[in-house]
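Undergrad: Just the structure for this:
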Amino acid sequence: MKASKIIEGAMLAAAAGTAAATGKFFNDVVCREKCMPPIWRRTFRVRKDRKEHVSPYQDVLEEGKKWLKKMEPQSEYFMLQSFDGLTLTARMIPADKDCGRVVLAVHGYKGSGEKDYAVMARMFHEAGYHVLLVDNRAHGASEGKYVGFGCLDKEDCYRWIQHLNRRFKGKCDIFLHGVSMGAATVLMTSELNLPPAVKGIVADSPYTSPMEVFEAVASGRKGGKLAAKAVLTCGDILCRIKAGYGFLDCSAEEAVTKTRIPIFLIHGERDRMVPPEMSERIYHACVSPKKLWIAKKAGHLEVFYKYPREYRRRVLEFYEACENGSLVKTEKESRVGV
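TA: As a prediction, the model looks like this:
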């Protein structure tokens, strides 16, 4: 009797602990901060006296921000409705002359179009492309309580593609570019019924699925795999109830088995956030023309900043090859990078 009470108490404590951890995970990771209950914001907010992470590429980023500011007068700003009634926003930086080419840029987790593409937008603009910087749902100026991790965002991306097709009256080639969560999003979008105007996709540091990237991040934390699995399983259920999707509902790895769009995958060899093996798996699963670049000594989203000239050359050459149809179907670039 005594033993059974001890076991029962331990099970209740474990269940309570899992429930609390699940709530924290959902509110920290999936829920937009401003939609958290006040008690969660007070409990889990970042301390003001804690030093913020400073990027080693801060000077380059600041220059990018100044350039974006300078380009404001000639920029166009758009809003559209998502499939579930949210207002989504984007900013377009037009090319200096009508070029018939536009890059739709999709940012990463906790980022925004202007934040994540402050430097890269200039690269595309100087190469003669229009550049559309979107704010994903629950990010930037767009509405939304819950981050979609690609499962919902792929439908939003599809609507932006349709918007561009209308804006340019079907006379503009569309190229997708995404970083991290945005990279997974553009790959997931690739399986949809895209118009012929979509010519190519560059995915920088994509994950295979939300569940797998959560598991990868959790594997490096304290608490053990079993506890993490329990929290993620419960988090998946909570996300289905609250946000309308589950962590296994979408997969970039599966999406590329159904696409015709050429894909260029880029990943840092030393990425500790999203394992580079995920890009390799996506590459092997992809049935369309494809390329893979695993860059040496680069961490998460560092390839562009570590090898700016090589990044520019490879990406722009890929887009040009997509445009003129010269991409070799099974071309794979060096794994070790530059």
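
Undergrad: For the nearest residue to residue 271 once chain neighbours are set aside, give me its contacts.
TA: Nearest residue to residue 271, sequence neighbours excluded (CB to CB, 6 or more residues apart in numbering): residue 300, at 4.6 Å. The C-beta positions use only the backbone N, C-alpha and C, and glycine is treated the same way. By CB atoms under 8 Å, 6 or more residues apart in numbering, the contact set of residue 300 is 180, 205, 268, 271, 272, 273, 274.

Undergrad: before we move on, what about residue 276?
TA: Residue 276 touches 267, 268, 269, 294, counting by CB under 8 Å, 6+ apart.

Undergrad: For these, which single residue is the most surrounded?
TA: Using other CB atoms under 10 Å as the neighbour test, these are led by residue 267, with 30 neighbours.

Undergrad: Surely it and residue 283 touch.
TA: No. The pair residue 267 / residue 283 is not scored as a contact, 9.5 Å apart, by CB atoms under 8 Å.

Undergrad: okay, and the common contacts of those two?
TA: residue 292.

Undergrad: one step back: distance of the residue nearest to residue 271 from residue 243?
TA: Distance of residue 300 to residue 243, computed by CB to CB, to the nearest Å: 25 Å.

Undergrad: Please apply the same query to residue 131.
TA: Distance from residue 131 to residue 243, by CB to CB: 30 Å.

Undergrad: now residue 108
TA: 18 Å.

Undergrad: more neighbours, those two?
TA: residue 108 (25 against 20).

Undergrad: what's the distance between the residue nearest to the more buried one when sequence neighbours are not counted and residue 111?
TA: For residue 108, ignoring the flanking residues on the chain, the nearest one in space by CB to CB, 6+ apart is residue 180 at 3.3 Å. Remark: distance between residue 180 and residue 111 (CB to CB) = 8 Å.

Undergrad: before we move on, the earlier item: what's around the residue nearest to residue 108, how many residues?
TA: Neighbours around residue 180, by other CB under 10 Å: 25.

Undergrad: tell me the contacts of it?
TA: 108, 109, 111, 204, 205, 206, 207, 273, 274, 300, 301.

Undergrad: would CSV of those residues with distance to residue 25, pLDDT and secondary structure be doable?
TA: What follows is these, written out as CSV (distance: CB to CB, whole Å; pLDDT from 0 to 100; DSSP: H, G, I helix; E, B strand; the rest coil):
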residue, distance to residue 25, pLDDT, secondary structure
108, 19, 98, coil
109, 14, 97, coil
111, 20, 96, coil
204, 26, 99, strand
205, 22, 98, coil
206, 22, 99, coil
207, 17, 98, coil
273, 17, 94, coil
274, 18, 97, coil
300, 20, 96, coil
301, 23, 96, coil
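
Undergrad: and which of the residues you listed is nearest residue 22?
TA: residue 109 (19.3 Å; CB to CB).

Undergrad: hang on, that closest one packs against residue 178?
TA: No. In this structure residue 109 lies outside contact range of residue 178 using CB under 8 Å: 11.4 Å.

Undergrad: the more surrounded of those two?
TA: residue 178 (29 against 18).

Undergrad: residue ranges with poor pLDDT in the stretch 101-250 of the chain?
TA: 220-226 (pLDDT under 70).

Undergrad: let's go with 80 and repeat that
TA: 219-227 (pLDDT under 80).

Undergrad: And the strands in it, which stretches?
TA: 101-106, 130-135, 173-179, 198-204 (DSSP state E, counting those that start in this stretch).

Undergrad: Paired strands for the first one, with orientation please.
TA: Spelled out, that is strand 101-106. Strands that pair with strand 101-106, judged by DSSP bridges, come out as strand 130-135 (parallel), strand 173-179 (parallel).

Undergrad: So which of those strands is nearest residue 80?
TA: strand 130-135 (9.7 Å).

Undergrad: Okay, buried residues for that closest one please.
TA: 130, 131, 132, 133, 134, 135 (16 or more other CB atoms under 10 Å).

Undergrad: ok, of those residues, which one's closest to residue 26?
TA: Nearest to residue 26 among the buried residues of strand 130-135, with distances taken as CB to CB, is residue 135, at 21.9 Å.

Undergrad: can you tell me which residues contact the closest residue to that closest one other than its chain neighbours?
TA: Using CB to CB, 6+ apart and skipping the chain neighbours, the partner closest in space to residue 135 is residue 142 (4.2 Å). Counting by CB under 8 Å, 6+ apart, residue 142 touches 86, 87, 88, 89, 134, 135, 136.

Undergrad: neighbour-wise, which of those residues leads?
TA: Busiest of the contacts of residue 142 [other CB under 10 Å] is residue 134, holding 30 neighbours.

Undergrad: excluding its backbone neighbours, what's nearest that one?
TA: Using CB to CB, 6+ apart, the closest residue to residue 134 is residue 90 (4.3 Å).

Undergrad: quick check, that neighbour in a strand?
TA: Yes. Residue state for residue 90 (DSSP: H, G, I helix; E, B strand; the rest coil) corresponds to a strand.

Undergrad: these two touch, right, it and residue 113?
TA: Yes. Taking CB under 8 Å as the definition, residue 90 is a contact partner of residue 113 at 6.6 Å.

Undergrad: more neighbours, the two?
TA: The residue with more neighbours, out of residue 90 and residue 113, is residue 113; 27 against 22, by other CB under 10 Å.
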